[in-house]
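Asks: next one to model:
(2 chains)
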Number of protein chains: 2
Amino acid sequence: MSGGAAGTAVYAQSGGVTAVINATAFGVLEAARRHPDRIRALYAGRNGILGVLREELLDLGDIPESELAALLHTPGGAFGSCRYKLADPEQDAREYERLLQVFSAHGVRYFFYNGGGDSQDTALKVARLAARRGLALSCIGIPKTVDNDLPLTDNCPGFGSVAKYVAVSVREAALDVASMSDTSTKVFILEVMGRHAGWIAAAAGLAGQRPEEPPQIILFPEVPFEPKRFLEAVRRTVRGTGYCVIVVSEGARDAAGRFLAESDERDAFGHAQLGGAAPAVAALVRRELGYKIHWAVADYLQRSARHLASRVDVEQARALGRAAVKLALEGQTGVLPIILRRSDDPYRWEIGSARLEEVANRERKLPPEYLREDGFGISAAGRRYLEPLIRGEDYPPYANGLPCYARLTPRRVTPLLPESFVPRS
Amino acid sequence: MSGGAAGTAVYAQSGGVTAVINATAFGVLEAARRHPDRIRALYAGRNGILGVLREELLDLGDIPESELAALLHTPGGAFGSCRYKLADPEQDAREYERLLQVFSAHGVRYFFYNGGGDSQDTALKVARLAARRGLALSCIGIPKTVDNDLPLTDNCPGFGSVAKYVAVSVREAALDVASMSDTSTKVFILEVMGRHAGWIAAAAGLAGQRPEEPPQIILFPEVPFEPKRFLEAVRRTVRGTGYCVIVVSEGARDAAGRFLAESDERDAFGHAQLGGAAPAVAALVRRELGYKIHWAVADYLQRSARHLASRVDVEQARALGRAAVKLALEGQTGVLPIILRRSDDPYRWEIGSARLEEVANRERKLPPEYLREDGFGISAAGRRYLEPLIRGEDYPPYANGLPCYARLTPRRVTPLLPESFVPRS
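Replies: Okay, the predicted model is just below:
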């Protein structure tokens, strides 16, 4: 391989975590360990980029690979993540300067930043600054987001497992409400994640094959919510099928752009309540149609459900980690590995790469052709896209009825810089 | 075996369904099929006891055992359930008379009623009436309830699987919030079922081993909610650990007996909202402590999560179905099979039996000795009781990423009675 630099590699997680982000971490680790001549040490930033700014770096070198392998089946962010957007370096370059100081002090030649669109933007800015300074730093992004909203890559690691969780949960809960509907619950509502795009809500559509099969109604952020048309669909479904299963995206909104979750709920003291699209929809249906309703909000359960991960998702997450190291060792910078789909059926994919500027700060919405004509479900094209991503099971090991998840305790690297750094709060 | 009657058997499900009630149905079926000389036909009531009243009986005899075996891994109620309490026969005996008419018309000699405390009361009344009339009818109850609140039986089928789901989900979501807590979510709240007793909430305690491990706080119906003491515990936990995972039972209530879920939430139009204990607790914590919060409501997801069932639970559910047939063929009536615990570690159990009058309409609360001293967690004794019930995995088969659940289409038995019956609504 080309690219001459030898030195330390830093890996950091960013933004909302997933059921498989640690599989990506393991992919980076296993690939890095095969090149001790080039990658002399591998550190993780504690709580993502903040760990780099604060010089809180964790040395992954002392941990035996057998222990690290538990990352493959452990949800959450093993080294901590953060929601922290660096200041625009044109306005305030101190954070970027600090990053380069930390990298320089620790002989960092490789930086792997595992996150969504914002994080790819950060990685891009670091890459540009390093290049301007003539530093031998390879900045590689690695995609990750349950929201599946990054462009270019066929899908984002983390999404397939949420998709599987949501589809399975809807299939199961639908059997429950179908059993109860004669005398009790007629409508079941599940709220899923996806503030800006309806990918996760769309995945729920995999639970049924035909429009009359649950979920009969999905409310997407991409389709403005029309109460009258919605209520009519619920009524028709209950009359025809005896019950109705509704999946609502947390990002569902009305024609004026107001989130359903932002209905003006007040508690007894007049304080605004934490919203929830499911309870809002439940209140509407109960008030207007009078049906007995149950509702659920999956929240963190959906994105941490490693017990039900998609095997395809785990494999892709790991492969992207390995590919990131390969790109770095080729001497590349300002790029990220992505997933390319070669065929739907049989499903075939491979790893490609893209420039960070093509991905950073761009959002991919659910395309209209993936929606059913009435806007309440997914089309055959949507199903074709989604279905391969939830394939395969990849169960974690269990002991005494509970999954055994990694509890790594990496050693903190001795700080070398004279000053500490306090991030903006 | 003693007991001379030969004839038809009727099986009916009642009340809230579970992830394993169909495993009990299969236990009844497989045992009944071994005695064609005694059990000449096996029918299921469509939607439970209502199917018997309406003479909507499903013939399970035509379905091959290989197809029926899917019941072992299918959640929900395969033949439908109902929430319908028969009128007190002292006040209005028409329903009980109708049951006996249907039984007589179809040559029913065995009646298996699979439900909670109310259903055992119904089975008891049928048994008594039949005995008074001198009818050869064997009425056998079979326990079932995720609430785990029946007396005498060590535990109730359905509970172990919910317990496992809740414990696993909390362990997973806790890894998520721990990853995010440095800059984002500090408190995660999960609402679980259990309107009258805190068994399910207690099971969440299995996710951690020590008091500082999540869930750090559990709110039980058995412990009156004290906002000040609760908020102080949340604050202490966030300061000490960096984050706090809270599990709240839907039945949690304050000293005056008011459910947390019943806080006076109003929507924009002044209509009462559907409650939710988790959003109510979230609003309180946010208002008083200002932390960023995520909350989830598991609702039907928890009791239908067959993908994560406890193997012990599945085995016990099936064994109780088989045992019910054995009791019936011994000529017994007015009894139910129960689970007897012989040892905690190694966990050993066997099937016993009890009289229906010992079980009917009696509720078993979480005993005080299962609670931690501060009332926010479970004790070692509680852990000893709960832990064996979630042991073992029993995954359903999957195709294309989704579990394959039974879709039985049994033939409806031709009605024989001249009159139809319209149940009270």
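
Asks: can you count the residues close to A:S104?
Replies: 14 (other C-beta atoms under 10 Å in any protein chain shown). The way it works is simple: take the backbone N, C-alpha and C, and place the C-beta from them, glycine included.

Asks: the strand or helix carrying it vs chain B: in contact?
Replies: Assessed by DSSP states H and E, A:S104 sits inside helix A:94-105. No. Applying C-beta under 8 Å from any C-beta of the partner chain, one finds helix A:94-105 out of contact with chain B, separated by at least 14.0 Å.

Asks: tell me the contacts of the residue of chain A positioned farthest from its centre?
Replies: Distance from the C-alpha centroid of chain A, by C-alpha atoms, centre = their mean, peaks at A:T183 (39.2 Å). Applying C-beta atoms under 8 Å, 6 or more residues apart in numbering or on different chains, we find A:T183 in contact with B:47, B:50, B:82-84.

Asks: cool, and A:Y96?
Replies: Counted by C-beta under 8 Å, 6+ apart, A:Y96 has contacts A:86, A:89, A:125-126, A:129.

Asks: over to A:P157?
Replies: A:18, A:20-21, A:23-24, A:143-144, A:313, A:316-317, A:320.

Asks: what sits closest to it if chain neighbours are left out?
Replies: A:A317 (3.8 Å; C-beta to C-beta, 6 or more residues apart in numbering or on different chains).

Asks: helix or strand right after the helix or strand where the one you found lies?
Replies: A:A317 is part of helix A:311-329 when elements are defined by DSSP H and E. Moving toward the C-terminus from helix A:311-329, the next helix or strand (DSSP H and E) is strand A:335-343.

Asks: sorry, back to before: and the helix holding A:A317 with strand A:335-343, angle?
Replies: 140 degrees (axes from the mean of the first three to the mean of the last three C-alpha atoms, to 10 degrees).

Asks: any idea how far chain B is from the closest residue in space to A:Y110 that isn't next to it in sequence?
Replies: Nearest residue to A:Y110 in three dimensions, chain neighbours excluded: A:A9, at 3.8 Å (C-beta to C-beta, 6+ apart). According to C-beta to the nearest C-beta, to the nearest Å, A:A9 and chain B sit 21 Å apart.

Asks: what does the stretch 101-250 of chain A have sitting close to chain B?
Replies: Counting by C-beta under 8 Å from any C-beta, the stretch 101-250 of chain A sits next to chain B at A:164, A:167-169, A:171-173, A:175-180, A:182-184, A:188, A:190, A:206-207.

Asks: what secondary structure does the residue lying closest to A:D182 once chain neighbours are set aside sit in?
Replies: Once flanking residues are discounted, A:D182 sits nearest to B:N47: 4.2 Å by C-beta to C-beta, 6+ apart. Under the three-state scheme (DSSP: H, G, I helix; E, B strand; the rest coil), B:N47 adopts coil.

Asks: isn't B:N47 up against B:A78?
Replies: No. Using C-beta atoms under 8 Å, B:N47 is not in contact with B:A78; the gap is 11.4 Å.

Asks: tell me which element A:V245 is part of?
Replies: Going by DSSP H and E, A:V245 is in strand A:244-249.

Asks: the helix or strand following that strand vs strand A:244-249, what angle?
Replies: As assigned by DSSP H and E, the chain's next helix or strand after strand A:244-249 is helix A:277-289. Helix A:277-289 runs at 140 degrees relative to strand A:244-249, counting by the same axes, to 10 degrees.

Asks: how about helix A:277-289: buried residues?
Replies: When neighbours are counted by 16 or more other C-beta atoms under 10 Å in any protein chain shown, the buried residues of helix A:277-289 are found to be A:277-286, A:289.

Asks: where's A:L53 relative to A:L408, distance?
Replies: From A:L53 over to A:L408 the distance is 22 Å, taken as C-beta to C-beta, to the nearest Å.

Asks: of the two, who's got more company?
Replies: A:L53 (25 against 17).

Asks: just list the residues touching that one, thanks.
Replies: A:95, A:98-99, A:102, A:421, A:423.

Asks: ok, 6 Å please
Replies: Residues near A:L53 by C-beta atoms under 6 Å, 6 or more residues apart in numbering or on different chains: A:98, A:421, A:423.

Asks: do the same with A:L71
Replies: A:22, A:25-26, A:78, A:406.

Asks: and it, its phi and psi?
Replies: phi -60, psi -30 (degrees, to the nearest 10).

Asks: just checking: what are the partner strands of the helix or strand just after the helix holding A:S104?
Replies: Following helix A:94-105 in sequence order, the next helix or strand is strand A:108-115 (DSSP H and E). Strand A:108-115 pairs in its sheet with strand A:7-13 (parallel), strand A:138-143 (parallel), by DSSP bridges.

Asks: hey, which of these is tucked in deepest?
Replies: strand A:138-143 (a mean of 30; mean count of other C-beta atoms under 10 Å in any protein chain shown).

Asks: I'd like the next helix or strand past that strand.
Replies: Assigned by DSSP H and E, the successor of strand A:138-143 is helix A:159-180.

Asks: dump the C-alpha coordinates for that next one into PDB.
Replies: This file holds the C-alpha atoms of helix A:159-180, laid out as PDB (Å, rounded to 0.1, in the frame of the first residue of the first chain):
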ATOM      1  CA  PHE A 159     -30.800   1.600   9.900                       C
ATOM      2  CA  GLY A 160     -31.200  -2.000   8.900                       C
ATOM      3  CA  SER A 161     -31.400  -3.100  12.600                       C
ATOM      4  CA  VAL A 162     -34.000  -0.400  13.500                       C
ATOM      5  CA  ALA A 163     -35.900  -1.400  10.400                       C
ATOM      6  CA  LYS A 164     -35.900  -5.000  11.500                       C
ATOM      7  CA  TYR A 165     -36.900  -4.100  15.100                       C
ATOM      8  CA  VAL A 166     -39.800  -2.000  13.900                       C
ATOM      9  CA  ALA A 167     -41.100  -4.500  11.300                       C
ATOM     10  CA  VAL A 168     -40.900  -7.400  13.800                       C
ATOM     11  CA  SER A 169     -42.500  -5.400  16.600                       C
ATOM     12  CA  VAL A 170     -45.400  -4.300  14.400                       C
ATOM     13  CA  ARG A 171     -46.000  -7.800  13.200                       C
ATOM     14  CA  GLU A 172     -46.100  -9.000  16.800                       C
ATOM     15  CA  ALA A 173     -48.200  -6.200  18.200                       C
ATOM     16  CA  ALA A 174     -50.600  -6.600  15.300                       C
ATOM     17  CA  LEU A 175     -51.300 -10.200  16.300                       C
ATOM     18  CA  ASP A 176     -52.100  -8.900  19.800                       C
ATOM     19  CA  VAL A 177     -54.600  -6.200  18.800                       C
ATOM     20  CA  ALA A 178     -56.200  -8.600  16.300                       C
ATOM     21  CA  SER A 179     -56.800 -11.000  19.200                       C
ATOM     22  CA  MET A 180     -58.300  -8.300  21.400                       C
END
